[in-house]
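# following is a predicted model, sequence given first.
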Amino acid sequence: MKNVTNDIRYIGVNDHDLDLFEGQYIVPNGMAYNSYVILDEKVAVFDTADRNFTEQWLGNLAEALGGRTPDYLIVQHMEPDHSASIAAFLAQYPDTAVVGNAKTFTMLGQFFGKLHVENKVTVKDGDSLSLGRHMLQFVFAPMVHWPEVMFTYDSTDKVLFSADAFGKFGALDVEEDWACEARRYYFGIVGKYGMQVQNVLKKAAGLDIQIICPLHGPVLSENLGYYLDLYNTWSSYGVESEGICIAYTSVYGNTKQAAELLAEALRGRGCPKVAVTDLAREDMAEAVEDAFRYGKLVLATTTYNAEIFPFMKQFIDCLTERGYQNRTIGLIENGTWAPMAAKVMKGMFEKSRNITWLETTVTIRSALTQENREQIARMADELMA
């Protein structure tokens, strides 16, 4: 437990037992489930914790309360890693008023069935709640990344409780770069909802925010402009860093050879960053992160059952369902008798906005030829133009 401000305590927990967050994202450094409490004339608790840590979380809460009883449980997000301990909390503190919006209470019934909530406070966007010295304002953030999500702004200490926004993978007792795992978290989990994130960022721009308290990752209290700028870039599908992402699949090594030859050509031409990913062997979420981070992408794959190799298909699906746009894409295809990969890949982006296609498409028929090498050189020139 630690102090965020004089009146705000952190009471979250670290999870080092988890292998896959949401059943799909590798979390080598674990995960944090954050929760907070404001101690004022009235006491407000912000969110709970994953069911595997209910007892630990309740112990942290009891220590912070020092014998007091909570007046409010503010439920900002109903995803189970934050809401699963609500029933246990109410069993211990049955008179506490649960604060949420209409969608919150609908989901509460869905998750907990006939759970009896003695006191409900249903709030609307912009509503306020006084704790005494602290005045809370509720800022709805629908589809960031669930429909019931809301932020809470404490105008006294100038703290934004931001639900899953500004979150990251990784437990809090591990030192690591914020941006890398926050970027992977954002594009994996929130990335589809860029417009909704933009909307809530506009709301937040009118608030004097000195501290951000997310539901995952560290409390942010310095260089807030850095974090806000990154979120603005990510949610507007802007280019964060100069560089080129090359994502490939290869059956017998020939397509891999083409991807590596292109990477070598780009580095020789002074490209500041070339990120090369073998989609069959490396973390798909890392590849998605790189595709959104950089402004240019090259896809290299084989024709497979008159379609494309499964890992490439999965990768492109991951991009398009997250609104991939405002990028330049180049294509390398391989096919021994009927190359179809370039056509298939291009068709998968037909609903994506503002995609610029390189003039050069490399078609390999089994193994690289001198003509293919010349095409790859031209592709490198186009990418660096």
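All right, it came through fine.

# can you give me the strands in the stretch 51-200 of the chain?
Assigned strands in the stretch 51-200 of the chain, in chain order: 72-74, 97-100, 119-122, 128-130, 135-140, 150-154, 159-161 (criterion: DSSP state E, counting those that start in this stretch).

# contacts for the third one?
Contacting residues not belonging to strand 119-122 are listed as Tyr72, Asp95, Thr96, Ala97, Val98, Val99, Gly100, Asn101, Ala102, Phe105, Leu129 [Cβ atoms under 8 Å, 6 or more residues apart in numbering]. Using the backbone N, CA and C atoms, a C-beta is placed for each residue, glycine as well.

# quick one: the spatially closest residue to the fourth one that is not a sequence neighbour from Thr69, how far?
The shortest distance from Ala97 to any residue other than its chain neighbours is 3.9 Å, reached at Asn119 (Cβ to Cβ, 6 or more residues apart in numbering). Taking Cβ to Cβ, to the nearest Å as the measure, Asn119 falls 13 Å from Thr69.

# so which of these two has more stuff around it?
More neighbours surround Asn119 than the other of Asn119 and Thr69, with 14 against 10 (other Cβ atoms under 10 Å).

# count of neighbours near the spatially closest residue to Thr48 that is not a sequence neighbour?
Nearest residue to Thr48, sequence neighbours excluded (Cβ to Cβ, 6+ apart): Ser85, at 3.6 Å. Ser85 has 27 neighbours, counted by other Cβ under 10 Å.

# please give me every residue in contact with Ser85.
By Cβ under 8 Å, 6+ apart, the neighbours of Ser85 are Thr48, Ala49, Asp50, Arg51, Phe53, Thr54, Trp57, Leu58.

# next, it: phi, psi?
phi -100, psi 10 (degrees, to the nearest 10).

# that one and Leu39, how far apart?
According to Cβ to Cβ, Ser85 and Leu39 sit 20 Å apart.

# got it, and Arg281?
50 Å.

# domain parsing of this protein, as residue ranges.
The chain resolves into domains spanning 2-235, 241-384 when parsed by automatic domain parsing.

# average pLDDT across the shortest one?
When you say that, I think you mean domain 241-384. Here domain 241-384 scores 97 as its mean pLDDT.

# just the terminal-to-terminal distance for that domain.
In domain 241-384, first residue to last residue: 14 Å (Cα to Cα, to the nearest Å).

# about what we covered before: who touches both of Asn119 and Thr69?
Common contacts of Asn119 and Thr69 (Cβ under 8 Å, 6+ apart): Asp95, Thr96.

# if we can go back for a sec, can I get the contacts of Ser85 in JSON lines including neighbour count, distance to Thr369 and pLDDT?
Compiled in JSON lines, the contacts of Ser85 are given as follows (neighbours: other Cβ atoms under 10 Å; distance: Cβ to Cβ, whole Å; pLDDT from 0 to 100):
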{"residue": "Thr48", "neighbour count": "28", "distance to Thr369": "61", "pLDDT": "98"}
{"residue": "Ala49", "neighbour count": "31", "distance to Thr369": "59", "pLDDT": "97"}
{"residue": "Asp50", "neighbour count": "20", "distance to Thr369": "55", "pLDDT": "97"}
{"residue": "Arg51", "neighbour count": "14", "distance to Thr369": "58", "pLDDT": "96"}
{"residue": "Phe53", "neighbour count": "22", "distance to Thr369": "58", "pLDDT": "98"}
{"residue": "Thr54", "neighbour count": "18", "distance to Thr369": "62", "pLDDT": "98"}
{"residue": "Trp57", "neighbour count": "24", "distance to Thr369": "62", "pLDDT": "98"}
{"residue": "Leu58", "neighbour count": "19", "distance to Thr369": "67", "pLDDT": "98"}
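
# how near is the residue nearest to Phe112 when sequence neighbours are not counted to Arg51?
Distances taken as Cβ to Cβ, 6+ apart put Ala87 closest to Phe112, at 5.6 Å, once the chain neighbours are dropped. According to Cβ to Cβ, Ala87 stands 9 Å off from Arg51.
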